[in-house]
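Asks: can't give you the sequence, but here's the structure:
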């Protein structure tokens, strides 16, 4: 007996093992993931500049999806369906920080999902039985944090199969935080003047399935990938934002039935329009259930008096969408209940006044699925006033079968039938741009009409391209007219470009003559293309009524609208537009003024004030028990207000020069002795705090910083095989190559901004002032050398003194440009969307030091928040200043601005942590960290001293003299030293400060 | 009855008239007389808006004339501008008006609009900036480069020898303003009978008619035009700032108004700026008297 026991045990174990392996084999049919070995984790810290250029070259050689799919046109449709878990990945490639972020998490019902960081590439091995075109379903869960979309690249067998797979956007889910009245009904909150305030938004993570679609909207439907028979690797490379992935399903692409089939099926089932009295449902669009973006929120539209609801005088939230809901992929979801099953018509009251003579498109989904193929492209025709329509694709009105019960309705922005046309236009645009650059490289920007440049010999391929581009454009014009049903101002732009290309191609002597017109047309072509891809739509309500019902009234009549305007006019006398109110709670008061000043090219105005107000109500007052009165005032009202004793306690966003100007006249309180001052200073770069410090006393808390970055066109540099310059010596080398091709480098000239000179000064170890601000230090050896060096770029290397940076950077004439970071970034992001991904920025070039290291310091400035001398409750004011510059507050404000203004709303906060947490890509953040970091920042905010205004103008005078009259730089600078020192001395005497004997 | 008593009595009798002019005088005193008086007062002080003024008597004026090189440059520039733009724009306004007056009413209205347009359209003179832009694609630079005259763009607004002439041209271009309109009005209301009488009395040509009949009949308009021309030519600063920035290179086109802005706006020295304003005020009054006397001589 005793012997038998182990035998039995062994048998049992063997049986169990066999059973187990059997199931495993059986399961392998379903789960063919070969996660046999431990995942391999590769850590690589890449050399960025080198790989960037390589990346662009790769990017430019990509095929488009249409070409890709045509390669596999004859292949049969596979049937296999494979599901695998994300945490069974085969390998991970990324930095050590990213690898550390990779881990298994549990989220809402799934215990073994995989958290993937915002960088690095994950791969899985998959075995498929039949080769064929497959698509993926990625089950994902958003990670709360930033208001940025999740962006990924899909690779198949180590290669990105086509360009569309480079930018796959996974949308996040957002919900409105509803506000309820006393009866428990949803309603908008109101501010002090009775204006409705839109709901705030919060992330609403939930499990959702993403199937790859073209994020540009050119391709309709799901994107497919060719998988070979047998082992394949599938890679997902992170671009932006972390995400949690549960499973990935590989399946053949699904097909959707046509409307005819749908209707036939409905008729066959005998569905009828419901007859009940209360069958119709009206959804007020301003109350969405979910939205894909934080930026999609209720808006106020006053153009019609019958918009529901509408009120004269005050603003009410009565619509949704507008220009916040215009980018491909953005969607809104509403919920509704149907009482009686039957055939319904879904109608909309909308305003689409942005794309002249054209329609904008939406994809309609009911309960998460597109009911029939035509619903992919619902069209909303242009009109100057509100319109009502049934769901339509332009030619047919649709009916839908809705069973009784709870449903969701989703409208997603799509380019619809325009998609393929716009894609071809973008390609043509790129071709025309390359033609322009090729000509420019031969002739320079001001070609001589009478020189024979021999274009036919020099660029025969481009001449050919001119002909083919012109032909393509003519074709597109015809198609456009067909799709939109009319010729409009839209096609005129295209016609112009086509005509000029034809003229140029006809004779080579026409080329030089027409170059500048070509440039202008490229500009308007780009602008137009930007406009036409924006699918703006403002929705008032969605009306779901029994099929066959009449449309609701579209717009008010003359008398209604006249009466409404009269009421509005009368009400305008009773509303204080500058007052943003105060909350009711709290016992202490702080008067805060926001000055309408331009920061980063954006003017702080009502929108910004509203955000600040909301943030005060939501976080400052509840936390501190202090109430803040916020007022938006015009620039220049501050001094008179201080003089008359009506000034505020705290002023936001004053330039550093103003801060010191007010401070030396005793209008501003020093902050050094307030509790926690040192901790507050740690939030910023030391140099920003120093800029608002004078003789040991700090007068402000930094809010924003401005500094230069170097922007570069990846494609142009890659084409010429040039690296991004790291030092000024590199700049000189590159410039010789660029200028031989008539290309330029843009650097800020002292004509408008002395910071270019200061940058050289700081990099060479110089300072602005000596003797504690008594004298200027430009006449020191290093100051003169820096000035000579700086001037030589303009005099010897012919850098332009005056130029239009955005336009020249766009055409590629100026592939390297040093410009104010956030201002240019914001401007260019919206100005040239067609160049997305083809430009980047990095730290400005540096000067090589004696020890071989490179000093990249850039000259900059900051704005700060100040406490005025008449402030009585200083502790409350200080609380407010502390709160506003805190990293979460600044971060929230930055996010709100992006939400309000879109990608062009980046805010250059001085709070280092908050700056890092803004929605940058990991590449962008890396570049920013090179400049802004607390250990070794490559930024110096200019020192402010009494009389400092005299510097900029004298640097300008000296610089212009050197440039215009070709005088010796150092001697010229010396001529101006006396004037500067005299003024400094005079100013110092005014404030009883110590002065240099020489000028007294 | 002394003179005083008589005045009081008359005032009482005409109290209605005083009530009627009161609103105007109140506003005039508050917004014109008081600021002038205030700046005369501040001219004797150091005042930085924020702190209370300190009385220093004549120091500001002494410094202005003896220790401020830039003020002397500004005076020179102002005079150059005033002497050129004042009379030229005045004569131009008058002669254009005189010529246009000969046209038939409809065409006259149209041509008037064309000439008047530059001055009503606000910042239209900014097109001159595009024209003279320092960018190599600016119109003038681009043409010059194409012609081969220059190889790199000229910075028109940053080079002393160009700034003043360009600004004067632009100023003249915009100067056909209110004065021009009032001249047209003045020419319209002259009694036709006067011309006939003059013709009977033996006027030989249009010049004689202009000098002996037309001009004397429109002295009020001439006076108004002259006052406007003076204020315009002395207060000429906005155009320079808009075109060439502030301050201009080496103070090449720095006028007294600029100097005032510089001290009042940028350096917070309102006392000093007031002193400058007082001097500008004095110069303008002087010029006014001069012109008044000149206009008296018209037709003699």
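Replies: Noted; the coordinates are in hand. Predicted model, so just to flag it, every value in this text is computed and none were measured.
Asks: Let's verify the residue of chain B found nearest chain A: helix, strand, or coil?
Replies: Residue nearest to chain A within chain B (Cβ to the nearest Cβ): residue B:134, separated by 3.5 Å. Using the backbone N, CA and C atoms, a C-beta is placed for each residue, glycine as well. Three-state assignment for residue B:134 (DSSP: H, G, I helix; E, B strand; the rest coil): coil.
Asks: check contacts around the closest residue to it other than its chain neighbours.
Replies: Using Cβ to Cβ, 6 or more residues apart in numbering or on different chains and skipping the chain neighbours, the partner closest in space to residue B:134 is residue A:802 (3.5 Å). Residue A:802 makes contact with A:749, A:751, B:133-135, B:138, B:153, B:155, according to Cβ atoms under 8 Å, 6 or more residues apart in numbering or on different chains.
Asks: how close does residue A:595 get to residue A:430?
Replies: When distance is defined by Cβ to Cβ, to the nearest Å, residue A:595 is 43 Å away from residue A:430.
Asks: Mind checking which of those two has more residues around it?
Replies: residue A:595 (21 against 16; other Cβ atoms under 10 Å in any protein chain shown).
Asks: Tell me which helix or strand that one sits in.
Replies: Taking DSSP states H and E as the definition, residue A:595 sits inside strand A:588-596.
Asks: Any buried residues in that strand, and which?
Replies: The neighbour-count check on strand A:588-596 (16 or more other Cβ atoms under 10 Å in any protein chain shown) flags A:589-596 as buried.
Asks: for the stretch 1-150 of chain B, what spans make up the helices?
Replies: Using DSSP state H, counting those that start in this stretch, the helices of the stretch 1-150 of chain B run over B:3-13, B:15-28, B:34-42, B:59-66, B:69-100, B:105-120, B:127-131, B:139-147.
Asks: mind giving me CSV with those and columns for mean neighbour count, distance to residue A:982 and mean pLDDT?
Replies: Converted to CSV, the helices of the stretch 1-150 of chain B look like this (neighbours: other Cβ atoms under 10 Å in any protein chain shown; distance: least, Cβ to Cβ, whole Å; pLDDT from 0 to 100):
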stretch, mean neighbour count, distance to residue A:982, mean pLDDT
helix B:3-13, 10, 56, 90
helix B:15-28, 10, 42, 93
helix B:34-42, 14, 24, 92
helix B:59-66, 16, 12, 90
helix B:69-100, 18, 10, 89
helix B:105-120, 13, 40, 84
helix B:127-131, 15, 32, 85
helix B:139-147, 16, 36, 85
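Asks: Which among those is found nearest to residue A:239?
Replies: helix B:127-131 (41.1 Å; Cβ to Cβ).
Asks: Show me what the closest one is packed up against.
Replies: helix B:139-147, helix B:160-174, helix B:238-244 (3 or more Cβ pairs under 8 Å, 6 or more residues apart in numbering or on different chains; DSSP states H and E).
Asks: deepest of the ones you listed, which one?
Replies: Most buried of those, by mean neighbour count (mean count of other Cβ atoms under 10 Å in any protein chain shown): helix B:238-244, with a mean of 20.
Asks: downstream neighbour of that one in the secondary structure list?
Replies: Next element after helix B:238-244 (DSSP H and E): helix B:256-261.
Asks: And that following helix, what does it pack against?
Replies: Using 3+ Cβ pairs under 8 Å, 6+ apart: helix B:256-261 touches helix B:69-100, helix B:238-244, helix B:270-296.
Asks: need those in a markdown table with distance to residue A:642, can you?
Replies: Listed next are those as a markdown table, based on distance: least, Cβ to Cβ, whole Å:
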| stretch | distance to residue A:642 |
| --- | --- |
| helix B:69-100 | 29 |
| helix B:238-244 | 26 |
| helix B:270-296 | 13 |
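Asks: For residue A:362, which of these is the nearest?
Replies: helix B:238-244 (46.5 Å).
Asks: Say whether chain A is contacted by that closest one.
Replies: No: judged by Cβ under 8 Å from any Cβ of the partner chain, helix B:238-244 and chain A are separated, with a smallest distance of 10.7 Å.
Asks: got the contact list for that helix?
Replies: B:123, B:125-126, B:128-129, B:132, B:157-158, B:163, B:166-167, B:170-171, B:174, B:248, B:253, B:255, B:258, B:261.
Asks: Now do the end-to-end distance for stretch A:808-824.
Replies: 13 Å (Cα to Cα, to the nearest Å).
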